[in-house]
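Undergrad: Need the 3D shape of this:
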Amino acid sequence: MSLNLNVVNRPAVKPLLKTHLNTYTMSPELQRLAGRALMDRKFRDDLLADPEDAVNKAGLRLSPDEKERLKVAVAQTKTEMTSEQLEQLAVQLRDGRW
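TA: This next block holds a predicted model:
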């Protein structure tokens, strides 16, 4: 999955990404999670409210490290972005305007 650096450089996104030779990568499960969070507002709201429960209910199998990074990213997102800003970002990413 290739990401625009404007998105990658958001503090809330960086904890979810692993770097390898200066390239940002996401596991297939994190890609599924990100895609669903972009397309499904209820899932995104559930994810922000209780990341572990949302991941479990969605049947996603994240590693313990990914779960921890997700918690950090959710906490940062909650402090850095309003719900409206998060929705605008999701729409821009979904529509390819990033």
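Undergrad: low-scoring pLDDT stretches of this protein, where are they?
TA: Applying pLDDT under 70 to the chain flags residues 1-25, 93-98.
Undergrad: for it, longest helix please?
TA: helix 64-80 (DSSP state H).
Undergrad: Could you list every helix and strand in contact with it?
TA: helix 28-39, helix 41-49, helix 51-58 (3 or more Cβ pairs under 8 Å, 6 or more residues apart in numbering; DSSP states H and E). From N, CA and C alone the C-beta is placed, and that goes for glycine too.
Undergrad: Between those, which one is closest to residue 71.
TA: helix 51-58 (5.6 Å; Cβ to Cβ).
Undergrad: now that closest one against helix 64-80, angle please.
TA: 120 degrees (axes from the mean of the first three to the mean of the last three Cα atoms, to 10 degrees).
Undergrad: that older thread, tell me which of the helices and strands packed on helix 64-80 approaches residue 82 most closely.
TA: Residue 82 lies closest, by Cβ to Cβ, to one member of the helices and strands packed on helix 64-80: helix 41-49, at 11.4 Å.
Undergrad: still on that earlier bit, tabulate the helices and strands packed on helix 64-80 (JSON lines), appending distance to residue 78 and mean neighbour count.
TA: JSON lines is the format used below for the helices and strands packed on helix 64-80 (distance: least, Cβ to Cβ, whole Å; neighbours: other Cβ atoms under 10 Å):
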{"stretch": "helix 28-39", "distance to residue 78": "14", "mean neighbour count": "16"}
{"stretch": "helix 41-49", "distance to residue 78": "6", "mean neighbour count": "15"}
{"stretch": "helix 51-58", "distance to residue 78": "11", "mean neighbour count": "16"}
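Undergrad: could I get the ones you listed as CSV with distance to residue 85?
TA: Listed next are the helices and strands packed on helix 64-80 as CSV, based on distance: least, Cβ to Cβ, whole Å:
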stretch, distance to residue 85
helix 28-39, 14
helix 41-49, 12
helix 51-58, 19
